[in-house]
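Got a predicted model here, sequence first, then my questions.
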Amino acid sequence: MTGSVRPPSKFLAAIAQIQEMIKRDRLRPGDKIPSERELSDKLSIGRSSVREALRALELLGLIETRRGEGTFLRDFKDHQLVPLIGTFLFDGDQTKEELHDVKAILELGCLAILAGKADLDSIELTGSFEELTGKTGNRLLQNIWMIISNYAGSDPDHERLQKLLVSARQIQYSKRQ
């Protein structure tokens with residue numbers, strides 16, 4: 001028997017179709033989404049798959065159901081996907097070591113971004129690495145670093161951060177040469 005590819009579950013397909021409908025209809029946080037029945041008809045998906053998909057989206061904090069009013073999109077920035085997954089994945093001593101490695105990689109990536117910025121010399125670090133990640137202007141990097149840092153459980157080291165900033169300035173200087 002040759003390797004077979006398992007088709008995606010109906011509920012995952014329903015999530016993908018709901019996501020596509022949200023994009024297509026340009027729905028924004030606070031907008032009402034169609035009812036379970038309307039989604040089933042509109043997307044040609046079984047109602048039980050739609051129901052399961054909506055439950056999953058609600059558990060992740062992407063939608064909220066208000067009794068008697070309907071279902072509404074929530075602000076995606078507030079979703080709980082990574083913390084939810086983190087509670088299952090980021091446990092154990094080996095994982096802690098891996099988290100410290102990932103954190104260091106993110107910090108080096110942050111430095112690479114900062115080294116490419118023309119105003120690096122004006123960056124002063126007075127607080128934490130979170131502040132430095134904020135200077136990149138990359139919210140995704142900052143959010144991922146914060147989550148990884150929280151699970152890694154390490155305290156900020158201001159002296160190390162100052163050294164990293166000096167390293168980023170040296171990288172930037174050598175690129176200009």
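Perfect, I can see it now. Quantities reported herein were computed from a predicted structural model and do not represent experimental measurements. Numbers count the residues shown, from 1 in each chain.

Let me know the next secondary structure element after the lowest-mean-pLDDT helix or strand in the chain.
Here the helix or strand of the chain ranked lowest by mean pLDDT, DSSP states H and E is helix 81-89, holding a mean of 62. Next helix or strand after helix 81-89 toward the C-terminus (DSSP states H and E): helix 93-115.

Give me the mean pLDDT for the helix or strand following that next one.
Later in the chain than helix 93-115, the nearest helix or strand by DSSP H and E is helix 129-135. In this model, helix 129-135 has a mean pLDDT of 76.

Show me which positions of helix 129-135 end up buried.
For helix 129-135, burial by neighbour count (16 or more other CB atoms under 10 Å) applies to Phe129, Leu132, Thr133, Gly134, Lys135. In short, each C-beta sits where N, CA and C put it, glycine included.

likewise stretch 57-77?
Applying 16+ other CB under 10 Å to stretch 57-77 flags Leu57, Leu60, Gly61, Leu62, Ile63, Thr71, Leu73, Arg74 as buried.

Can you dump the C-alpha atoms of it in CSV for me?
Once non-C-alpha atoms are left out, stretch 57-77 reads as follows in CSV (Å, rounded to 0.1, in the frame of the first residue of the first chain):
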residue,chain,number,x,y,z
LEU,A,57,-12.9,29.4,17.3
GLU,A,58,-14.6,30.5,20.4
LEU,A,59,-12.3,28.5,22.7
LEU,A,60,-9.4,30.2,21.0
GLY,A,61,-11.0,33.6,21.7
LEU,A,62,-11.4,34.5,18.0
ILE,A,63,-15.2,34.8,18.2
GLU,A,64,-17.7,35.3,21.0
THR,A,65,-21.3,34.3,21.2
ARG,A,66,-23.7,36.6,22.9
ARG,A,67,-26.9,34.9,24.0
GLY,A,68,-29.8,36.3,22.0
GLU,A,69,-27.6,38.5,19.8
GLY,A,70,-25.4,36.2,17.7
THR,A,71,-21.8,35.5,17.1
PHE,A,72,-19.2,38.3,16.7
LEU,A,73,-15.6,38.5,15.7
ARG,A,74,-13.2,39.4,18.5
ASP,A,75,-10.0,41.3,18.1
PHE,A,76,-7.5,38.7,16.9
LYS,A,77,-4.7,40.3,18.9
